[in-house]
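>>> I would like the atomic coordinates for the input below:
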Amino acid sequence: MKMKLTLLLLPLLLVSTSVLQACPSCSDNFTKGSANASVGDSYSMSVLFMLVVPLSILSAFIVVIVRKMRAASR
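I've put the predicted structure just below:
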């Protein structure tokens, strides 16, 4: 019974995220046209940068390993 209730309430919880509010500082920083809008954009860019750098380093290592393995098999 509890599992069915959980399965019914979980989608409602996920859909109701529009009700959630950020702290005043965060919501001001991400509001377009506000004085601090550039701060929110900076936060967003830093998160993207932190996601891209490790993936690009990992990709470079994989490319090097694949090339060395192909060269060794010839």
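>>> I'd like the average pLDDT over the longest helix belonging to the chain.
Longest helix of the chain, by residue count under DSSP state H: helix 37-73. For helix 37-73, the mean per-residue pLDDT is 90.
>>> For it, which residues meet the burial criterion?
Neighbour counts over helix 37-73 (16 or more other CB atoms under 10 Å) mark residue 40 as buried. For the C-beta atoms, the positions are set from N, CA and C on the backbone; glycine is no exception.
>>> Give me the helices and strands touching it, please.
helix 24-29 (3 or more CB pairs under 8 Å, 6 or more residues apart in numbering; DSSP states H and E).
>>> pLDDT averaged over the helix it packs on, what's the number?
For helix 24-29, the per-residue pLDDT averages 66.
>>> average pLDDT for stretch 9-18?
72.
>>> Could you check how far it is from the centre of its chain?
Its chain's C-alpha centre and that of stretch 9-18 lie 19 Å apart, by CA atoms, centre = their mean, to the nearest Å.
>>> now stretch 3-11
26 Å.
>>> again with stretch 54-67
21 Å.
>>> then it to CSV, C-alphas only?
The C-alpha coordinates for stretch 54-67 follow below in CSV (Å, rounded to 0.1, in the frame of the first residue of the first chain):
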residue,chain,number,x,y,z
PRO,A,54,36.9,17.4,-16.3
LEU,A,55,35.1,16.0,-19.3
SER,A,56,37.5,17.4,-21.8
ILE,A,57,40.5,16.1,-19.7
LEU,A,58,39.0,12.7,-19.5
SER,A,59,38.3,12.8,-23.3
ALA,A,60,41.9,13.7,-24.0
PHE,A,61,43.2,10.8,-21.9
ILE,A,62,40.8,8.4,-23.7
VAL,A,63,42.0,9.6,-27.1
VAL,A,64,45.6,9.2,-26.1
ILE,A,65,45.0,5.6,-24.8
VAL,A,66,43.0,4.6,-27.9
ARG,A,67,45.7,5.9,-30.2
